[in-house]
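S.K.: model the following, please.
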Amino acid sequence: MTTNTLTRADLAEAVFQSVGLSRNESSQMVEDMLEEVCDALAKGETVKLSSFGTFAVRQKSERMGRNPKTGTEVPIAPRRVLVFRPSHVLKAMINGETPNLEIVDE
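M.R.: Numbers count the residues shown, from 1 in each chain. This is a model prediction of the structure:
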């Protein structure tokens, strides 16, 4: 993991190193997990990963926007957006603090 972007291959390699599955099994495990998360979000379900955060889909209604170049008003269609809310543990780790690892429902 030498790049600044964490890829599927990096995740599969980490699973291979820590769990001891074959590389193919590790790669398949990562793919299966990501597919489950994507499927749940596509159905509008919330995905909570303990000590990491919560993914949710929100519905945004139609609104008027403005073209910054011309200044003309343009309608923005209603849409669903993905939102992520990090856990307090992840926030603490990012800020270099020692996270409180007791499990709390968010």
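S.K.: and Arg58, what does it touch?
M.R.: 80-81, 83 (CB atoms under 8 Å, 6 or more residues apart in numbering). No exception for glycine: its C-beta is placed from N, CA and C like everyone else's.
S.K.: can you confirm it is in a helix?
M.R.: No: if the criterion is DSSP: H, G, I helix; E, B strand; the rest coil, then Arg58 is strand and not within a helix.
S.K.: after the lengthiest helix in the chain, which helix or strand is next? Please name it.
M.R.: Longest helix of the chain, by residue count under DSSP state H: helix 23-42. Per DSSP states H and E, the first helix or strand lying C-terminal to helix 23-42 is strand 47-49.
S.K.: pairing partners for that next one, with directions?
M.R.: Partner strands and pairing direction for strand 47-49 (DSSP bridges) are strand 53-60 (antiparallel).
S.K.: pLDDT averaged over the next helix-or-strand element following the partner strand, what's the number?
M.R.: Once strand 53-60 ends, the next helix or strand along the chain (criterion: DSSP H and E) is strand 63-66. The average pLDDT within strand 63-66 is 95.
S.K.: residues in contact with strand 63-66: which ones?
M.R.: Contact with strand 63-66 is made by 72-76, as judged by CB under 8 Å, 6+ apart.
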